[in-house]
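Asks: need the 3D shape of this:
(one chain, ligands or ions: 2)
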Amino acid sequence: MAERVIKAALLGFGTVGGGVYKVLKMQQEEMVSKLGARVELKKILVRNIEKAAQKTDDPSLLTNNWKEIVDDPEIEIVIELIGGIEPARTYILEALEAGKNVVTANKDLIAADGHILLDTAAKNKKDFLHEAAVAGGIPIIRPIKQCLAGNHISEVMGIVNGTTNFILTKMSQNGMEFADALKLAQDLGYAESDPTADVEGLDAGRKVAILASAAFNSRVTFDDVYTEGITKITATDIEYANEMGCVIKLLGVARNTPEGIEARVHPMLIDVNHPLASVNDAYNAVFVQGDAVQDAMFYGRGAGELPTASAVVGDVFDIVRNILHDCCGRIGCTCYKNLPIKHMNEISSKFFIRMFVEDRPGVLANIASVFGNSGVSLAQVIQRRKKDQYAEIVVITDEVKEKNLKDALAVAKGMSTVKEISGMIRVA
Ligand SMILES: NC(=O)C1=CN([C@@H]2O[C@H](COP(=O)(O)OP(=O)(O)OC[C@H]3O[C@@H](n4cnc5c(N)ncnc54)[C@H](OP(=O)(O)O)[C@@H]3O)[C@@H](O)[C@H]2O)C=CC1
Ligand SMILES: N[C@@H](CC=O)C(=O)O
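Replies: Ligands and ions are numbered 1, 2, ... in the order given. As a prediction, the model looks like this:
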């Protein structure tokens, strides 16, 4: 019997697009035994054909004309790896409407418009798969939607951005400057085309929105997620954290609480013995808590060419099986609930606060009293450096609502004895 060939097109030939091209080549022989068919790239959409020609031994694959792909009935799978909202959104919708299945790693788009893309796929009985959009090479979307479908999931949390984890690791273990560590992360292909998305916590926020929607069966978009990045974390914060037996990690947290869904990304001090403390470099780790499975942890490379391509090609192979069994479109949008989002002000944590205050008797007592008036009690006070007439102090609060902490800081900032509040980090 003739070998079945399934034709696919790649949109974008950058870090991940190049990785997918390589992984498909690496799987060239074995995929036929695995799937009962061969996946063949028929076209690669690029902007600059001359530049892209250096990355392939078959430049005839390259095109800068989208119509050559969307109007080609032979192409059954479109792999979108351009990134960003437009033209990716238009291409994906047109591909689905033209009866093609789609794979993407585009978290920006899914975190904003995932329901529209999934509904369009369902209407056309086509697959829209996006495993690579969260935590790079780690399987997490499929496990949540399929393997853990028998659970009521109450929490998903972890390290979901490789670039910031790489930067924090290099700053704390090698004393590297922020800018140098970021440059290295860019050179290694971990960062987004605009790395602001990584360092300001936006990329992790998008992943938290996607994870929360899948885990809690309720639509959570990027706008629902509180985001804070790592740009304000200094070498001094890292030193204090080390002294306290902690490390600083950028964590994404999604919780399904009786008051609504908590969805947030921010740096956090965690004990060195916490399992996430040893997740370093561009590695990611995600914890899932379900009523039946209880605890599950997923760990692996969260970014980069081949790890991300591994997740993309897994989706492509899944689609090939669905095509062969004529069952595309099996899993559409799983958001059948409409749960409220809990406001950040209502979320409770302990806090690490670093400030410069006048170095004289009574000042600390005054600060403690101001915090106490807003319902914030201080569990620990550390005093270290002195500069002129000022002392740098670090206070660790007891667990308190964000709103109370903000009120206390607003009053403290106005105190004549407080020169500056230099840092505020939540403590796990
Ligand atoms: N890098 C990673 O580790 C991971 C990335 N992702 C996601 O994967 C996607 C791709 O990321 P990545 O490969 O890193 O990004 P790159 O910037 O490396 O690649 C994007 C490619 O798309 C091309 N491109 C941009 N606009 C167009 C267009 N209009 N038509 C055709 N080609 C276009 C770019 O061309 P040109 O070279 O001309 O700019 C570039 O080659 C993004 O959605 C990203 O968020 C997900 C997980 C991990
Ligand atoms: N820029 C992202 C890439 C993968 O999603 C990251 O650093 O995690």
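Asks: point out where the stretch 151-300 of the chain drops to low pLDDT.
Replies: Counting by pLDDT under 70, the stretch 151-300 of the chain contains no low-confidence range.
Asks: how about the helix or strand where residue 112 lies, does it get close to ligand 2?
Replies: For residue 112, the host element (DSSP states H and E) is helix 107-123. No - using Cβ under 6 Å from any ligand atom, we find that helix 107-123 stays clear of ligand 2, coming within 6.6 Å at best. Where you see a C-beta, it was placed from the backbone N, CA and C, and this is true even at glycine.
Asks: show me what the helix or strand following that helix is packed against.
Replies: With elements assigned by DSSP H and E, the helix or strand that comes after helix 107-123 is strand 128-129. On a contact count with 3 or more Cβ pairs under 8 Å, 6 or more residues apart in numbering; DSSP states H and E, strand 128-129 meets strand 101-104, helix 107-123, helix 305-324.
Asks: at 10 Å instead, please
Replies: Applying 3 or more Cβ pairs under 10 Å, 6 or more residues apart in numbering; DSSP states H and E, one finds that strand 128-129 contacts helix 88-97, strand 101-104, helix 107-123, helix 305-324.
Asks: next, count neighbours for residue 255.
Replies: 21 (other Cβ atoms under 10 Å).
Asks: residue farthest from the centroid of this protein?
Replies: No residue in the chain sits farther from the centre than residue 361, which is 46.1 Å out by Cα atoms, centre = their mean.
Asks: that older thread, hey, which of the helices and strands packed on strand 128-129 is tucked in deepest?
Replies: strand 101-104 (a mean of 27; mean count of other Cβ atoms under 10 Å).
Asks: so is it next to ligand 1?
Replies: No - contact of strand 101-104 with ligand 1 is not found when judged by Cβ under 6 Å from any ligand atom; the minimum separation is 7.1 Å.
Asks: and the stretch 151-300 of the chain, which residues reach ligand 2?
Replies: Near ligand 2, when you scan the stretch 151-300 of the chain using Cβ under 6 Å from any ligand atom, you find 161, 162, 163, 190, 191, 192, 198, 203.
Asks: which helix or strand contains the nearest residue to residue 55 once chain neighbours are set aside?
Replies: Using Cβ to Cβ, 6 or more residues apart in numbering and skipping the chain neighbours, the partner closest in space to residue 55 is residue 18 (5.7 Å). According to DSSP H and E, residue 18 maps onto helix 15-26.
Asks: buried residues in that helix?
Replies: Across helix 15-26, burial judged by 16 or more other Cβ atoms under 10 Å covers 15, 16, 17, 18, 19, 20, 21, 23, 24.
Asks: show me which residues of the stretch 51-200 of the chain sit near ligand 1.
Replies: With Cβ under 6 Å from any ligand atom as the criterion, the stretch 51-200 of the chain comes near ligand 1 at residues 81-83, 87, 105-107, 132, 136, 189-190, 192-193.
Asks: which among those residues count as buried?
Replies: Buried residues within these, counting neighbours by 16+ other Cβ under 10 Å: 81, 82, 83, 105, 106, 107, 132, 136, 189, 190, 192.
Asks: before we move on, back to that, would you confirm that the residue nearest to residue 55 contacts residue 12?
Replies: Yes - if you go by Cβ atoms under 10 Å, residue 18 and residue 12 touch, sitting 9.3 Å apart.
Asks: joint contacts of these two?
Replies: 44, 52, 81 (Cβ atoms under 10 Å, 6 or more residues apart in numbering).
Asks: out of those, which sit inside helices?
Replies: Judged by DSSP state H, the subset of the shared contacts of residue 18 and residue 12 located in helices is residue 52.
Asks: including distance to residue 218 and pLDDT, could the shared contacts of residue 18 and residue 12 go into TSV?
Replies: Formatted as TSV, these follow (distance: Cβ to Cβ, whole Å; pLDDT from 0 to 100):
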residue	distance to residue 218	pLDDT
44	37	98
52	41	97
81	28	98
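Asks: measure stretch 220-232 end to end?
Replies: From its first residue to its last, stretch 220-232 covers 27 Å (Cα to Cα, to the nearest Å).
Asks: any idea how far that stretch is from the chain center?
Replies: 10 Å (Cα atoms, centre = their mean, to the nearest Å).
Asks: stretch 167-183 too?
Replies: For stretch 167-183, the distance to the chain centre is 19 Å (Cα atoms, centre = their mean).
Asks: list the buried residues for it?
Replies: Buried residues in stretch 167-183 (16+ other Cβ under 10 Å): 167, 168, 169, 170, 171, 172, 176, 178, 181, 182.
Asks: where does the first one land in three-state SS?
Replies: Three-state assignment for residue 167 (DSSP: H, G, I helix; E, B strand; the rest coil): helix.
Asks: isn't it up against residue 181?
Replies: Yes - with contacts counted by Cβ under 10 Å, residue 167 reaches residue 181, the gap being 4.2 Å.
Asks: element containing the residue lying closest to residue 262 once chain neighbours are set aside?
Replies: Using Cβ to Cβ, 6+ apart and skipping residues adjacent in sequence, the residue nearest residue 262 is residue 255, 4.2 Å away. Using DSSP H and E, residue 255 sits in strand 246-257.
Asks: thanks again, I'm all set now.
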